[in-house]
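**Student:** with the sequence up front, the predicted model follows.
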Amino acid sequence: MPDARALLDAFARRHRLHALEALPWVAAVAAYFAFPDYLALGAQILAVIIFALSVDLVLGYAGIVTLGQAAFFGTGAYTAGILAANGWGEPLTGLLAAGAMAGAIGLLSGAIILRTSGLPLLMQTLVVAAMLSEAANKGGRITGGSDGLQGMEVWPILGKFRFDMFGHTAYLYCLAVLAVAWIAVRALVHSAFGRSLTGIRENVMRMHAIGAPVDRRKLVVYTISAALAGISGGLIAQTTQFVGLGVLSLERSGTILIMLIIGGVGQLYGAFIGVPLYMIAQDRFSTIDPTYWYFWIGLFMVLMVVFAPGGVLGFFARRRARREKP
Amino acid sequence: MGDFLSIAISIAFHGLALAMVLYLISVGLSVTMGLMGFVNLAHGAFAMAGGYAMTTLMNRYGAPFWLALAAAVVIVGLASLVLERVLYRRFYGGGELNQVLLTMGLIFMSVGAATYVWGPVAQPIQLPQALRGQIDLGVRDFPVYRSFLILCGALLVTALWLALERTRFGVRVRAAVDNLAMAQTLGVNTSRLFALAFGLGSALAALGGGLGAELLAITPGYALDNLVYFLIVVAVGGMGSIRGPFVAALIVGVADTAFKYAAPELGAFFIYALTMGLLLWRPRGIFGPA
């Protein structure tokens, strides 16, 4: 049992920056110089990390298990895409619009579905995404339907930095947006609001009992998370200059959950580990074996859950715990 | 008026046939969720395996339809027992996230393996002579295959209901769904019960996959493409019950057919809206606790 002072100390220190927290950024900058041929993939990884962060907010901190986060990712992607295809290709405002639109959908759907919890809630999130996907599929005149959205024209960032075919601009653009998103999410989870979310995850009854506005907090975090997912979708749309129905699919919701679980849930850094691991594995497998790579990535997931439950961060936490035990 | 009636009957008929297939596949999922608290997203893979086993036995080895179907059910049932003992059992009560990771992994493996062995196109299915064509039921002609599906579904739901209500096995399952710890205390071998229920559920899924191969085409993406429908049936019907998924499958099958006929430009939109409404009204399913 640690004494009270040590505990207090730990609490006071918990949101101070730790040296290890620089690691992802050092790695990201190093990767820019070390792998100039893979910058397009790198940009996608950085954008998807934002998506995973958005899932971590609702799942890891507020304890809302969702299988429909693609609803917001896809909304953002289509918003940015439709704007750029219809004559407004300014990337930063496009990105803001993507976030705002996805946040609005999150607020609207959250107000309806967050009354339930557990499996019914999981189903509702899934159904919201399925509805949007069907809407995008049938609204072919605006979205391009199953052919995907054609003819996006994204202008240079700030009027200066043109998107090049090697992905230099895209990579740095995604890195900058990720940095802003990370600072915001980190501040959020360490704030009083963030702590109350953890409280809701751990013991809802108690949070009700002490008078915390549980439903409102859940709705707020759900909306923020939706906006974040929308920004991620907008980034993907702008950097790849294409939006297809896949952005709203169940597969997209499922794989982002998997990437986060592989990294570790509720620890802010799971997204930074799981997303690169999964996406690089996917890229390698699909290069080696373009037809059957699904099998290998599935096998990788099964082995992972059997031998390293709790993800990579969980694995290290267990090892540390074992070493510290006398 | 005559036209309207004829369309209504036709929709009801197609909807009922789809409902029976959905029910056969989903009932096992409902039982594993209610009994073991396990979210088996890969349940559809067993239905797909049943479909592939059946079509392969027929197309490659010339086995007759009925024999191939029976063999497919047995093969998939036994294979699922092995999987349950080796993999699934470790994760009962082990948190939803690990279950999602495991079963999504299995879905991906099933997609890759099916593409490798059978290629990306749908498997052709040759119905036996007895199931083809139309049958005159006095009022009008009905397609034999769909009539047969409805009959099969009705028989099976009766058999399952009797098994759950009237047999020793059924009593144990109901006891374990209601209160697992108490059932164990009273000496129910829940480990064996879980394995049996899992195997039975998978075998039924294989039966649904094989019988329904003409409604839900046997392709590598089967488990993922149809997952939403199976989950909707379970969530709307309520977990761990036989009756709930049946009613839910009827609603989903008939409503989906009707909506897609009435407003094809909106596609599956209505069925999702309906599901949402039902779940808001009864979060634990129509037959679950309120």
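**Tutor:** Sure thing, it's come through.

**Student:** for the stretch 51-200 of chain B, what lies in contact range of chain A?
**Tutor:** The stretch 51-200 of chain B comes close to chain A at residues B:87, B:90-91, B:94, B:96-98, B:100-102, B:104-113, B:115-116, as judged by C-beta under 8 Å from any C-beta of the partner chain. In this view, the C-beta of every residue, glycine as well, is placed from N, C-alpha and C.

**Student:** which of the residues you listed count as buried?
**Tutor:** B:87, B:91, B:96-98, B:100-102, B:104-113, B:115 (16 or more other C-beta atoms under 10 Å in any protein chain shown).

**Student:** which SS state does B:Phe142 fall under?
**Tutor:** strand (DSSP: H, G, I helix; E, B strand; the rest coil).

**Student:** for it, which residues make a bridge with it?
**Tutor:** Beta-bridge pairing of B:Phe142 under DSSP bridges involves B:Ile135.

**Student:** contacting residues for the residue of the stretch 1-150 of chain B found nearest chain A?
**Tutor:** The minimum distance from the stretch 1-150 of chain B to chain A, using C-beta to the nearest C-beta, falls at B:Gly112 (2.5 Å). Neighbouring residues of B:Gly112 by C-beta atoms under 8 Å, 6 or more residues apart in numbering or on different chains: A:292-296, A:298, B:220.

**Student:** ok, of these, which come out buried?
**Tutor:** Buried, going by 16+ other C-beta under 10 Å: A:292-296, A:298, B:220, out of these.

**Student:** and these, which of them are in helices?
**Tutor:** Among the buried ones among the contacts of B:Gly112, the ones falling in helices (DSSP state H) are A:293-296, A:298.

**Student:** could you list the residues of the stretch 151-300 of chain A in contact with chain B?
**Tutor:** So the stretch 151-300 of chain A meets chain B at A:250-251, A:254-255, A:257-258, A:261-262, A:265, A:291-300 (C-beta under 8 Å from any C-beta).

**Student:** how about 10 Å then?
**Tutor:** Within the stretch 151-300 of chain A, the positions lying close to chain B (C-beta under 10 Å from any C-beta of the partner chain) are A:249-251, A:254-255, A:257-258, A:260-262, A:265, A:285, A:289, A:291-300.

**Student:** burial count for A:Val214?
**Tutor:** Residues within reach of A:Val214, counting by other C-beta atoms under 10 Å in any protein chain shown, total 18.

**Student:** and it, how far is that from A:Ala227?
**Tutor:** Distance from A:Val214 to A:Ala227, counting by C-beta to C-beta, to the nearest Å: 21 Å.

**Student:** could you identify the most distant pair in the buried ones among the contacts of B:Gly112?
**Tutor:** The distance between the two most remote of those (C-beta to C-beta) is 14.7 Å, for A:Trp296 and B:Pro220.

**Student:** is it possible to get CSV of the ones in helices among the buried ones among the contacts of B:Gly112 that adds distance to A:Val26 and pLDDT?
**Tutor:** Converted to CSV, those look like this (distance: C-beta to C-beta, whole Å; pLDDT from 0 to 100):
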residue, distance to A:Val26, pLDDT
A:Trp293, 30, 82
A:Tyr294, 33, 85
A:Phe295, 35, 90
A:Trp296, 30, 88
A:Gly298, 32, 90
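
**Student:** next step: the buried ones among the residues of the stretch 51-200 of chain B next to chain A restricted to helices.
**Tutor:** Among those, the members falling in helices (DSSP H) are B:96-98, B:100-102, B:104-113, B:115.

**Student:** spatially central residue for chain A, please.
**Tutor:** Geometric centre of chain A, nearest residue: A:Phe51, 1.7 Å, by C-alpha atoms, centre = their mean.

**Student:** tell me how many other residues surround the closest residue to it other than its chain neighbours.
**Tutor:** Once flanking residues are discounted, A:Phe51 sits nearest to A:Ser232: 3.9 Å by C-beta to C-beta, 6 or more residues apart in numbering or on different chains. Applying other C-beta under 10 Å, we find 33 residues neighbouring A:Ser232.

**Student:** so what's the gap between the host helix or strand of A:Ser232 and the chain middle?
**Tutor:** Using DSSP states H and E, A:Ser232 sits within helix A:214-240. From the chain centre to the centre of helix A:214-240 is a distance of 8 Å (C-alpha atoms, centre = their mean, to the nearest Å).

**Student:** repeat that for stretch B:57-69.
**Tutor:** Here stretch B:57-69 is found 22 Å from its chain centre; the criterion is C-alpha atoms, centre = their mean.

**Student:** for it, how far is the first residue from the last?
**Tutor:** 9 Å (C-alpha to C-alpha, to the nearest Å).

**Student:** which other residues reach it?
**Tutor:** Stretch B:57-69 is contacted from outside by B:50-51, B:53-56, B:70-72, B:75, B:123-131, B:206-207, B:209-211, B:213, using C-beta atoms under 10 Å, 6 or more residues apart in numbering or on different chains.

**Student:** change it to 8 Å
**Tutor:** Residues outside stretch B:57-69 that contact it (C-beta under 8 Å, 6+ apart): B:53-55, B:71-72, B:123-128, B:131, B:207, B:210-211.
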